[in-house]
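Participant: give me coordinates for this.
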Amino acid sequence: HTEKIYSLAFHPLASDLLVSSSYDLTVRLWDLGSGKEVKVLTGHQEQGLTFLPKTECDVRDVEVARALILTRTTLEPVAFKVPRVKKDFFQDDVYPDTALCWEAALSSSAWLGGANGQHRTTSLRPKDMTPVSEAPKEVVVRKYMPSSFYLEEKTDEQKKDE
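Facilitator: I've put the predicted structure just below:
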């Protein structure tokens with residue numbers, strides 16, 4: 001950024017993704033593993049940005065993250081989607097069970113006592129969607145016979161029959 005940064009947001013589950021907003025009117029996405037900038041969005045006048053919990057994503061549209069951007073006059077939703085062909089199936093390769101991060105994993109006294117805890121998790125798969133890993137395999141249907149069919153040698157008997 002070339003101006004002051006006024007907002008930072010971590011993705012709730014992808015701890016290596018950071019988004020920063022600045023008075024230079026850019027939003028930048030950072031890969032913390034490599035320390036490199038992944039994408040720059042220009043011409044924005046945001047005053048804040050936050051990611052919503054993964055449970056707010058539209059899994060039927062293969063939305064992998066959803067954020068809200070606060071501008072001077074509006075609050076705008078932003079969707080991050082993965083292009084997929086079989087959208088009628090739940091993309092279980094994209095959506096592992098997700099942490100219920102708004103629920104406490106420990107009590108405050110347990111945490112102060114040095115304990116570690118794990119968040120409960122839940123599946124994002126709607127009851128009426130079959131996982132893509134269980135989708136029927138597509139059968140390739142040939143429209144034309146292979147060229148070898150037309151190029152086969154015929155015996156003298158076959159030629160007489162024609």
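
Participant: for stretch 20-40, which positions count as buried?
Facilitator: Using 16 or more other CB atoms under 10 Å as the test for burial, stretch 20-40 gives 20-22, 26-28, 30. (Glycine included, C-beta is placed from N, CA and C.)

Participant: find the nearest non-adjacent residue to Ala99, please.
Facilitator: The shortest distance from Ala99 to any non-neighbouring residue, by CB to CB, 6 or more residues apart in numbering, is to His119 (3.9 Å).

Participant: the strands in the protein, which residues?
Facilitator: 5-10, 17-22, 26-31, 36-42, 48-51, 63-70, 75-81, 98-99, 121-122 (DSSP state E).

Participant: what's the third one packed up against?
Facilitator: It refers to strand 26-31. Applying 3 or more CB pairs under 8 Å, 6 or more residues apart in numbering; DSSP states H and E, one finds that strand 26-31 makes contact with strand 17-22, strand 36-42.

Participant: what strands line up against that strand, and which way round?
Facilitator: Applying DSSP bridges, strand 26-31 is found paired with strand 17-22 (antiparallel), strand 36-42 (antiparallel).

Participant: what does the first one give?
Facilitator: Here strand 5-10 is paired, per DSSP bridges, with strand 17-22 (antiparallel).

Participant: quick one: find the helix or strand in this protein with the lowest mean pLDDT.
Facilitator: helix 147-150 (a mean of 66; mean pLDDT, DSSP states H and E).

Participant: since that was my last question, I'll sign off now.
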